[in-house]
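Peer 1: What shape does this take:
(one chain, ligands or ions: 1)
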Amino acid sequence: MAASCPEWLATHLQQAGGGVPFSRFMDLALNEPEHGYYGAGRARIGPEGDFVTSPSLGSDFAALLVPQLMAWLASLSTTDPVQRLSIVEIGPGEGHLARDLMTQLGEADPALLTRLEMVLVEANPGMRQRQQLLLEQVDGLPVRWCTLEQLRITPVRGVVIAHELLDALPVERLVWRDGSLQQALVELDPNAALRMSHRPLSVGLRDEINRVCGHAGIQLPPPHAEEGWTTEWNSSLPDWFAAMAAAVEAGVLLVIDYAMEAHRYYTAQRSEGTLMAVSSQQAGLSPLDQPGAQDLTAHLCIDVVDEAAKRHGWVVGDQAKQGEALLALGLAQRLHGLQQLPGQQLAEALQRREALLRLVDPAGLGGFRWLTYRRGLPEDGFSLSGAQGCSESRRD
Ligand SMILES: C[S@@+](CC[C@H](N)C(=O)[O-])C[C@H]1O[C@@H](n2cnc3c(N)ncnc32)[C@H](O)[C@@H]1O
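Peer 2: Next up, the predicted model:
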C-alpha cells in the first residue's frame with residue numbers, strides 16, 4: 001500500500017535512484033540527523049510517550065540491576081585491582097537507566113566506586129542532547145559521552161549494557177516469492193508516494209544469510225512457508241559486535257531485548273515477521289507511514305545474535321528471561337518492602353507495585369531476554385542471576 005513520502009526522504013530516495021533496501025529506509029526513518037525519529041530527538045519513551053521500556057517505568061529496575069553489575073565489576077576488579085572500570089550504556093534513549101544507576105550506585109562499595117565511571121554511547125545527536133540535560137542534574141559517578149570510534153582508540157574494562165538497542169538497528173525484510181528469498185525495497189511510486197517492492201538478494205546478503213544459517217542450523221524459509229512469507233534479517237549485527245569488540249578490552253556485555261530462538265523466530269506461522277511500527281503506545285501501524293514520526297523495531301533472533309557475537313570474539317554466556325533474572329535479584333522482596341511504606345506514600349507504593357509487576361509480566365517485559373557475552377575474562381565470576389545456564393548450542 002502506498003504511503004505519503006516527506007520531501008526530505010524523497011530527496012534521499014531520488015539520490016539513490018528511486019529506491020533503497022528496507023534497512024536503508026529504516027536507518028533514515030530512525031536516524032536521519034534532522035528528520036529521523038531518534039536522529040532529531042523526537043522519540044518519547046515512557047508511559048506518556050510512544051512506548052515504555054523497563055527503565056522508563058521507574059528507578060526500581062536500576063536498583064535491581066545494581067547488585068548484578070556490582071558482582072561482575074567486583075570479579076573484574078580481581079583480574080586487575082588498579083585499573084579504571086566503566087559502566088557503558090549504548091543507546092541510552094531518554095537517559096533514565098543511566099540516571100537511576102548513577103543515583104543507586106552511590107550506596108555501593110566505596111572502594112569500587114572511586115574507580116568507576118559511566119560512559120554513554122549515543123549515535124543520535126538529538127537524543128544525546130536530551131540525555132545531557134537530564135544527567136547534568138545528577139551526582140554520583142563521573143559521566144562522559146563518547147563514540148565507539150573513540151572507545152576503539154582507548155578501549156574500556158567493565159560492563160556494557162545494550163537495553164532495547166539491538167531491536168532499533170536497521171534490518172532487512174526478506175520475502176519468499178516465486179520459489180526464492182527476495183529482499184524488500186522501499187521506493188517512490190509514480191505519484192511520489194512510498195511503496196514496497198522486491199528484488200533478488202544481493203550476492204553479499206545471500207552469502208551472509210547462507211553462512212549464518214549454515215553455522216546456526218537455521219532453515220530459511222522454514223518448512224511450509226507460503227508465498228509472501230516475510231521475515232527480518234538483522235544485517236547490522238556483525239558490524240556492531242565487531243565495533244563492540246574493539247571498544248571493550250575486557251568485560252561483560254548485557255543485551256536486554258525482545259528476542260527468541262530461531263525455531264520460534266523463523267516459523268511458517270510467523271508469516272509477517274516481527275517488524276513493528278509504534279507510536280503513542282500503539283503497535284501494528286504500517287512501517288512506511290509517517291517516516292521519522294514513529295518508532296520502528298524488530299525482535300532479535302538469539303541464534304543470529306550469538307553467531308555474530310562469537311564471530312567477533314565474544315564468548316556466549318548465560319541468558320535468562322527478564323522475569324526470572326529480576327526475581328533472582330530480589331524483586332519479590334522489593335514488592336514486599338512496599339507494604340512497609342507509610343500511609344502518606346500510598347500513591348507512590350501503588351505506582352511502584354504496578355511497575356514492578358509489569359517488569360515481570362511473562363506476556364510483556366518479563367518475557368524479554370537478558371543475554372550475556374564476555375571477552376578477555378575467565379569463565380568464573382560472570383554468571384547471570386536467574387539464568388537457566390547456557391545451552392550447548394549457545395556455547396558452540
Ligand atoms: C529503543 S531506544 C532505547 C532507549 C533506552 N535504552 C531504553 O531502553 O529506554 C534506542 C536508543 O538507541 C539509540 N541508537 C540507535 N542506534 C544506535 C547506535 N548504532 N549506537 C548507539 N545508539 C544508538 C537511539 O538513538 C535511542 O537512544
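Peer 1: quick one: contacts for residue 259?
Peer 2: Residues in contact with residue 259 (C-beta atoms under 8 Å, 6 or more residues apart in numbering) are 299, 300, 301, 302, 305, 368, 369, 371. C-beta here means a position set from N, CA and C on the backbone, and glycine is covered the same way.
Peer 1: Please repeat the previous calculation with a cut-off of 10 Å.
Peer 2: 166-167, 265, 274, 299-305, 319, 321, 367-371 (C-beta atoms under 10 Å, 6 or more residues apart in numbering).
Peer 1: Give me the subset of these lying in helices.
Peer 2: Among those, the members found in helices (DSSP state H) are 265, 302, 303, 304, 305.
Peer 1: Name the residue most distant from the centre of the chain?
Peer 2: residue 343 (38.3 Å; C-alpha atoms, centre = their mean).
Peer 1: Need the pLDDT of that residue.
Peer 2: What the model reports as pLDDT for residue 343 is 78.
Peer 1: Residue 263 now?
Peer 2: 96.
Peer 1: Kindly report the same for residue 155.
Peer 2: pLDDT at residue 155 comes out at 97.
Peer 1: Just give the closest residue to it, not the sequence neighbours.
Peer 2: residue 249 (4.1 Å; C-beta to C-beta, 6 or more residues apart in numbering).
Peer 1: same thing with residue 85?
Peer 2: Closest to residue 85 by C-beta to C-beta, 6+ apart is residue 158, at 4.7 Å.
Peer 1: Quick check: beta-bridge partners of the one you found?
Peer 2: residue 86, residue 251 (DSSP bridges).
Peer 1: tell me the contacts of it?
Peer 2: 69, 72-73, 76-77, 83-88, 115-119, 248-252.
Peer 1: any idea what sits nearest residue 231, other than its immediate chain neighbours?
Peer 2: residue 273 (4.5 Å).
Peer 1: Could you list the low-pLDDT ranges of the chain?
Peer 2: 1, 79, 81, 389-396 (pLDDT under 70).
Peer 1: repeat that with 80
Peer 2: 1-2, 78-82, 106-109, 284-285, 343, 388-396 (pLDDT under 80).
Peer 1: Which residues of it lie near the ligand?
Peer 2: Proximity of the chain to the ligand (C-beta under 6 Å from any ligand atom) is limited to residues 38, 45, 53, 55-56, 90-93, 96, 121-124, 127, 163-165, 168.
Peer 1: switch to 8 Å and redo it
Peer 2: 30-31, 38-39, 43, 45, 51, 53-56, 89-94, 96-97, 121-124, 126-127, 131, 148, 162-165, 167-169, 236, 240, 256, 295, 297 (C-beta under 8 Å from any ligand atom).
Peer 1: what's near enough to touch the residue nearest to residue 231?
Peer 2: Contacts of residue 273 by C-beta under 10 Å, 6+ apart are 171, 173-175, 184, 229-233, 265-266, 298-299.
Peer 1: Just the buried residues of the contacts of residue 259.
Peer 2: Buried by 16 or more other C-beta atoms under 10 Å: 166-167, 265, 274, 299-305, 319, 321, 368-371, out of the contacts of residue 259.
Peer 1: related to what we said a few turns ago, and the residue farthest from the centre of the chain, what does it touch?
Peer 2: Taking C-beta under 10 Å, 6+ apart, one finds residue 349 in contact with residue 343.
Peer 1: Please report the distance of it from the ligand.
Peer 2: Plainly put, residue 343 is 32 Å away from the ligand if you go by C-beta to the nearest ligand atom, to the nearest Å.
Peer 1: And residue 336, by the same measure?
Peer 2: 27 Å.
Peer 1: Can you show me the strands along the stretch 1-150 of the chain?
Peer 2: Remark: strands assigned in the stretch 1-150 of the chain by DSSP state E, counting those that start in this stretch are 3-4, 19-21, 85-90, 116-121, 143-145.
Peer 1: could the ones in helices among the contacts of residue 259 be laid out in CSV, adding distance to residue 311?
Peer 2: CSV is the format used below for these (distance: C-beta to C-beta, whole Å):
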residue, distance to residue 311
265, 19
302, 15
303, 12
304, 11
305, 11
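Peer 1: these two touch, right, residue 93 and residue 52?
Peer 2: No - taking C-beta atoms under 10 Å as the definition, residue 93 is not a contact partner of residue 52, at 11.1 Å.
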